[in-house]
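K.L.:
Have a look; sequence and predicted model below, questions after that.
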Amino acid sequence: MIWDGTPTDTMRVFLENMVAEGLLARESGLNVTPQQIVAATIGQIDKIARESYPLHQVMSQSDIVFHAEGPGAASGMPWLSALNWLGRTADGNLRKLSAALFDILGSEGASLAKHLDIRLSGLAPGSLWMGVKLLPVAADMLPADEPLMRTLADNIGRLPEIIRFIDDEGLRPGYEEAVPDPALRDVQLATLYRFAPTGRMGIHTLEISSTGSGSASLSQRERVVLKEVIAKPTTKGSHEGAFIGRMQEADLDKSRMHLRGVDGVGTLRCVMPTLTKEHARRMFGGMVRAKGRYQVGLDGRPRLLFVEDVTPIEQGTLLPAEQAARNLAEEAAVNAANTALSKAVRLKDQAMRTKGTSKPRD
């Protein structure tokens, strides 16, 4: 038999051993009843059926697995509030991650995230295990969005890898090399902060697992570190600049906004720690000029802006590109008028010279 570690193979081992014990007892002349043979193994078989099969289904059929531990996730009978928290947290955070990721990739994040088909792939005892799978949404998604869905699945699967960069007082070296896009790093850290348990729901530790990145755990310790990192992000390698675009909400609780339609950039993620929610909501959907220091991706394109000043652009105000175009048009019109006037003057002068040099008739 080839052992692959599945519950079926585990159960097969016990059953084969049970049958072998019965055959050996018969060959040895022992008067052993079937009940006695089964009694030695039935406990292990029952445990495999109750615990191993559900956990194997969760691990093998999920894009990402959450394992909650704490008094609220006690084996066999977890708190209903703890189970509800885990379900709401998984669904809400995966949608927020999706919306932010789609936005910084230039798509309509809120719309796409709203139509994600996030499924519960299984629950298993042993504290509390929950598996989640993202299904394709062919009815609501265009074929052009398929690469975005693959990118989303890849980024969700990398969450355990990102957790391992969290140290006692900050982030370990190598995170910037592992994720060179500063906007994506900011999105990932905000996602992990929302997943890190507070302990109020009876969950002290949340382990996240995926096929490609293994497993890693979040606790209140990581939550404290992430809160500090998000509130005071590093501006290393940043440059000064100003950008004009349409302001869109991203994550107001973390003072994050998205500047869409930026010329030559697309969508720029913004860190705006001094911005109040009331001020932000007044600018939603409007054109603004944001100034500060920005970090770039591998292609040199601005990705993350640490905003120092933001100014709304009143409706009807021409943007620099529009003003430049109008100036060129006005200049061209003036030049055309001057050219026409010069031509008219030359024709008039020529006519007068012709008239003055003509001979009078007899």
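P.N.:
Perfect, thanks for sending it.
K.L.:
measure residue 41 to residue 168 for me?
P.N.:
47 Å (Cβ to Cβ, to the nearest Å). Quick note: C-beta positions are derived from backbone N, CA and C, even for glycine.
K.L.:
Over to residue 129?
P.N.:
Residue 129 sits 28 Å away from residue 168, going by Cβ to Cβ.
K.L.:
of those two, who's got more company?
P.N.:
It is residue 129, of residue 129 and residue 168, that has more neighbours when counted by other Cβ atoms under 10 Å, with 24 against 9.
K.L.:
On the three-state scheme, the more buried one is what?
P.N.:
What DSSP: H, G, I helix; E, B strand; the rest coil gives for residue 129 is strand.
K.L.:
Could you do residue 121 as well?
P.N.:
Quick answer, by three-state DSSP: residue 121 is strand.
K.L.:
which residue sits closest to it, ignoring its sequence neighbours?
P.N.:
Computed as Cβ to Cβ, 6 or more residues apart in numbering, the closest residue to residue 121 that is not its neighbour in sequence is residue 131, at 3.9 Å.
K.L.:
That neighbour touches residue 55, doesn't it?
P.N.:
No: with contact defined as Cβ atoms under 8 Å, residue 131 does not reach residue 55; the gap is 9.3 Å.
K.L.:
Compare neighbour counts for those two and give me the winner.
P.N.:
residue 131 (25 against 20).
K.L.:
Next one: residue 260 relative to residue 306, how far apart?
P.N.:
Per Cβ to Cβ, residue 260 is found 18 Å from residue 306.
K.L.:
Centroid-nearest residue for the chain?
P.N.:
Centroid check for the chain by Cα atoms, centre = their mean gives residue 97 as the closest residue, at 3.2 Å.
K.L.:
which element is that residue on?
P.N.:
helix 80-104 (DSSP states H and E).
K.L.:
immediately after that helix, which helix or strand?
P.N.:
helix 109-114.
K.L.:
Break this structure into its domains for me.
P.N.:
The chain is divided into the following domains under automatic domain parsing: 7-58, 62-231, 239-312.
K.L.:
How about the contacts made by residue 56?
P.N.:
When contacts are counted by Cβ atoms under 8 Å, 6 or more residues apart in numbering, residue 56 touches 6, 7.
K.L.:
tell me which element it is part of?
P.N.:
If you go by DSSP H and E, residue 56 is part of helix 53-60.
K.L.:
Report the angle between the helix or strand following that helix and helix 53-60.
P.N.:
Once helix 53-60 ends, the next helix or strand along the chain (criterion: DSSP H and E) is strand 64-69. On the basis of axes from the mean of the first three to the mean of the last three Cα atoms, to 10 degrees, strand 64-69 is oriented at 130 degrees to helix 53-60.
K.L.:
tilt between strand 64-69 and helix 80-104?
P.N.:
Inter-element angle recorded for strand 64-69 and helix 80-104: 140 degrees (by the same axes, to 10 degrees).
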